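In: Fold the following and give me the result.
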Amino acid sequence: MSTSPLHRPGRRMSPVFLAAFLLAATLLLGACNTQQGVGPLPEPQRETGAVLGGAVRNLDGGAVAGVVVTAEPMLGGMAASVRAHLDAQARGDDEAAAASAAGDKSGAGRRATVTDSRGWYAFAGLEPGAYLVTTEARDHQAGRATATVPELRAAALAETTFVDIALIPTGTFHGVASLQNAGNHQSTVVYCQGTSYVAVTDLNGDYVMRDVPAGAYTLIATHGGWLDGSAGGAIAAAGDSVEVAGITLLRENNMPPVVSITSPVNGANVSQLMAAFTSVASDPDGSIVLYEWDFEDDGVFDYSGPANGISNPYAVPGDYRVKVRVTDDRGAIGLAVVRFTAVEDIYVSAATGSDINPGSRNAPVATISRGCELAQAAGMPLVLVAAGTYNENVTLRDSVSVIGGLDGIDWTRGAGDRSTVLAKPGGDGARERQQCHHHRTGLRRPCCDRDRHPFDRPVAGQLRGPHVQRLRLHCRRRRQRRNDPGRRQR
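Out: Predicted coordinates for the structure are as follows:
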């Protein structure tokens, strides 16, 4: 006779093994009673990321098993499923909006699980942030709670945030949300603020919102091109059907802002290390309150603030798009985008370079003039000069900017580093050594009299270029005249 591994004559079953076996059996039975697409709690595993868990209880404090619990991120105080619903409305995707209102919220980062026999639930591997946790049960019962998952500590594989949910009676809201001066009131989104309960109006503006837990709410109605409207509503007992006061959305009369990217122009080459962008924006009936820059036009805005001009390095040369979004004082937006090519800059180092090199980061040229020549020929807008002394008469080039004072190894700026240009103007036996400090670029170059200029063409005491526009030079002059017996001795 074979012996079952769960029971052998003369041996007592371990309590720990028995408990594990009963838990596995309970979960297996629970899986048979769940709806399609929602499963029981997974087997415990060491998963990185935060854990959000808790218990679902009824009004008497008893555990509620086998109910579906969902968790979704809160974005700016709004449930992700509601945000997705509004995005579908903005796209004019009425089918997606209707599906969301009907309860299909599988997207938008929404996750679901089922409580075990003790009423416990858990979500593993969550990103830090705010979450809305909701549950629905039979007999007009539901519950919701919010929780914030903190950043993980460095030494932790997973940390658990606990939030319990109490099932309370649910009811229904219904009402009318109409659009000012409109004949068709369809597709207005109505939702309970701070929750995932949402509805969509029909042609007449009627809406119905079911399975809302008892309590007082603010209902928000929103529709593109109209100002949001709101009304209050409260559900007191299970099965209540509450008519909400009518909401009228007024026509939006705000004129959106206008923005354009002035630099670079479409299709231009920009510096890979220091791609500079500038924009001009105006609002005909208000003011600009926010600029946002998306450096790769990937939908993620990398900068948000007051700057209408900004620079950004690109790790890899290539073709890119940059987008700017401006917001006015009433929330309207304006957008502009430009295409450009980030090209590798020209590198100059008196210590390690040679003018027969291509001027790359690993093979710099030796003189600034050669670097400017290569940059202009290749359409590269920036010449990077390592710290050191350059004995040459520099020839500046149109549309080429020069930045000095960089470390010749990693090409970063160190405090106090300067690139010094020494030139000999010549004339009448006079020898002048003059140095100019180009502020913000770390470059020194000679200053000159109006009638004697050591450069191949006058630049009126300035360096010009797309990244260093009209920055004046501060000069120090030391004149030494040969065979001058009256010259002061130092």
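In: Now do the helices in the stretch 151-300 of the chain.
Out: Assigned helices in the stretch 151-300 of the chain: none (criterion: DSSP state H, counting those that start in this stretch).
In: where does it have low pLDDT?
Out: Applying pLDDT under 70 to the stretch 151-300 of the chain flags the ranges 152-158.
In: Can you show me the strands along it?
Out: Remark: strands assigned in the stretch 151-300 of the chain by DSSP state E, counting those that start in this stretch are 160-162, 165-166, 168-179, 189-192, 198-200, 206-213, 215-222, 229-235, 241-243, 247-249, 258-263, 268-271, 275-282, 288-294.
In: Summarise which helices and strands the first one is packed against.
Out: Applying 3 or more Cβ pairs under 8 Å, 6 or more residues apart in numbering; DSSP states H and E, one finds that strand 160-162 makes contact with strand 50-57, strand 141-149. In short, each C-beta sits where N, CA and C put it, glycine included.
In: Can you give the distance from the first one to the centre of its chain?
Out: Between the mean C-alpha point of strand 50-57 and the mean C-alpha point of its chain there is a distance of 29 Å (Cα atoms, centre = their mean, to the nearest Å).
In: Contacts for that strand next, please.
Out: Strand 50-57 is contacted by residues 63-64, 67, 69, 71, 115, 118-128, 131, 133, 135, 143, 145, 147, 149-150, 152, 158-167 when judged by Cβ atoms under 8 Å, 6 or more residues apart in numbering.
In: Need the winner for burial among the helices and strands packed on strand 160-162.
Out: Mean neighbour count (mean count of other Cβ atoms under 10 Å) peaks for strand 50-57 among the helices and strands packed on strand 160-162, with a mean of 20.
In: Report the rounded mean pLDDT for that one.
Out: The pLDDT scores in strand 50-57 average 90.
In: Which residues belonging to the helix or strand just after that strand are considered buried?
Out: Per DSSP states H and E, the first helix or strand lying C-terminal to strand 50-57 is strand 68-75. Neighbour counts over strand 68-75 (16 or more other Cβ atoms under 10 Å) mark 68-74 as buried.
In: Looking at these, which is nearest residue 298?
Out: Nearest to residue 298 out of the buried residues of strand 68-75 is residue 73 (Cβ to Cβ; 19.6 Å).
In: related to what we said a few turns ago, between the strands of the stretch 151-300 of the chain, which one is closest to residue 418.
Out: Minimum separation from residue 418 across those (Cβ to Cβ) falls at strand 268-271, 20.7 Å.
In: for the stretch 1-150 of the chain, what spans make up the strands?
Out: Under DSSP E, counting those that start in this stretch, the stretch 1-150 of the chain gives strands at 50-57, 68-75, 78-79, 111-114, 120-126, 129-137, 141-149.
In: Dump those into JSON lines; add distance to residue 217 as well.
Out: Listed next are these as JSON lines, based on distance: least, Cβ to Cβ, whole Å:
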{"stretch": "strand 50-57", "distance to residue 217": "21"}
{"stretch": "strand 68-75", "distance to residue 217": "16"}
{"stretch": "strand 78-79", "distance to residue 217": "13"}
{"stretch": "strand 111-114", "distance to residue 217": "23"}
{"stretch": "strand 120-126", "distance to residue 217": "24"}
{"stretch": "strand 129-137", "distance to residue 217": "14"}
{"stretch": "strand 141-149", "distance to residue 217": "11"}
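In: Can you check which of these gets nearest to residue 185?
Out: For residue 185, the closest of those is strand 78-79, at 22.7 Å, according to Cβ to Cβ.
In: Grab the nearest non-local neighbour of residue 226.
Out: Excluding its sequence neighbours, the residue lying closest to residue 226 (Cβ to Cβ, 6 or more residues apart in numbering) is residue 249, at 3.9 Å.
In: scratch that, residue 390
Out: Excluding the flanking residues, the one nearest residue 390 by Cβ to Cβ, 6+ apart is residue 421, at 4.9 Å.
In: Now render the helices and strands packed on strand 160-162 as JSON lines, adding distance to residue 259.
Out: As requested, the helices and strands packed on strand 160-162 are exported to JSON lines (distance: least, Cβ to Cβ, whole Å):
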{"stretch": "strand 50-57", "distance to residue 259": "39"}
{"stretch": "strand 141-149", "distance to residue 259": "35"}
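In: which one of the ones you listed lies closest to residue 309?
Out: It is, among the helices and strands packed on strand 160-162 and with distance given as Cβ to Cβ, strand 141-149, at 36.0 Å.
In: which residues of the stretch 351-490 of the chain score low on pLDDT?
Out: Using pLDDT under 70, the flagged stretches of the stretch 351-490 of the chain are 416, 424-490.
In: so who does residue 371 touch?
Out: Residue 371 sits next to 346-348, 359, 364-365, 383, 385, 402 when contact means Cβ under 8 Å, 6+ apart.
In: next one: residue 240
Out: Contacts of residue 240 (Cβ under 8 Å, 6+ apart): 169, 171-172, 214.
In: Check those residues against residue 180 and report the nearest one.
Out: Residue 180 lies nearest to residue 172 out of those, by Cβ to Cβ, at 26.6 Å.
In: What about that closest one, how many residues nearby?
Out: Neighbouring residues of residue 172 were enumerated by other Cβ atoms under 10 Å; the total is 17.
In: Quick check: it vs residue 150, distance?
Out: According to Cβ to Cβ, to the nearest Å, residue 172 and residue 150 sit 36 Å apart.
In: just to revisit the earlier point, distance of the residue nearest to residue 226 from residue 289?
Out: Counting by Cβ to Cβ, the separation of residue 249 from residue 289 is 23 Å.
In: Compare the two and say which is more crowded by neighbours.
Out: Comparing residue 249 with residue 289 by neighbour count (other Cβ under 10 Å), the higher total belongs to residue 249, at 22 against 14.
In: What separation is there between that one and residue 386?
Out: Residue 249 sits at a distance of 62 Å from residue 386 (criterion: Cβ to Cβ).
In: next one: residue 291
Out: Taken as Cβ to Cβ, the span from residue 291 to residue 386 is 34 Å.
In: quick one: contacts for residue 215?
Out: Taking Cβ under 8 Å, 6+ apart as the criterion, residue 215 is in contact with 168, 234-235.
In: May I see the residues you listed arranged in TSV, with distance to residue 79 and neighbour count as well?
Out: Rendered in TSV, the data for the contacts of residue 215 read as follows (distance: Cβ to Cβ, whole Å; neighbours: other Cβ atoms under 10 Å):
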residue	distance to residue 79	neighbour count
168	19	17
234	20	13
235	18	22
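In: for those residues, which one is nearest residue 408?
Out: Closest approach between these and residue 408, by Cβ to Cβ: residue 168, at 69.8 Å.
In: What residues are bridge-paired with that closest one?
Out: Counting by DSSP bridges, residue 168 is bridged to residue 142.
In: heads up, I number from 606, so please use that
Out: Yep, numbering from 606; the last one is residue 773 now.
In: I figured it was touching residue 818, is that so?
Out: Yes - counting by Cβ atoms under 8 Å, residue 818 is a contact partner of residue 773 at 5.1 Å.
In: Overlap in contacts, the two.
Out: Common neighbours of residue 773 and residue 818, using Cβ under 8 Å, 6+ apart, are 747-748.
In: what about residue 798, how many neighbours?
Out: 14.
In: what's near enough to touch it?
Out: 822-825, 835.
In: Got a PyMOL select line for the buried ones in the residues you listed?
Out: Restricted to buried positions by 16+ other Cβ under 10 Å, the PyMOL selection for those reads:
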select buried, resi 822+824+825
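In: which of the contacts of residue 798 lies closest to residue 858?
Out: Distances from residue 858 to those, taken by Cβ to Cβ, are shortest for residue 835, at 19.0 Å.
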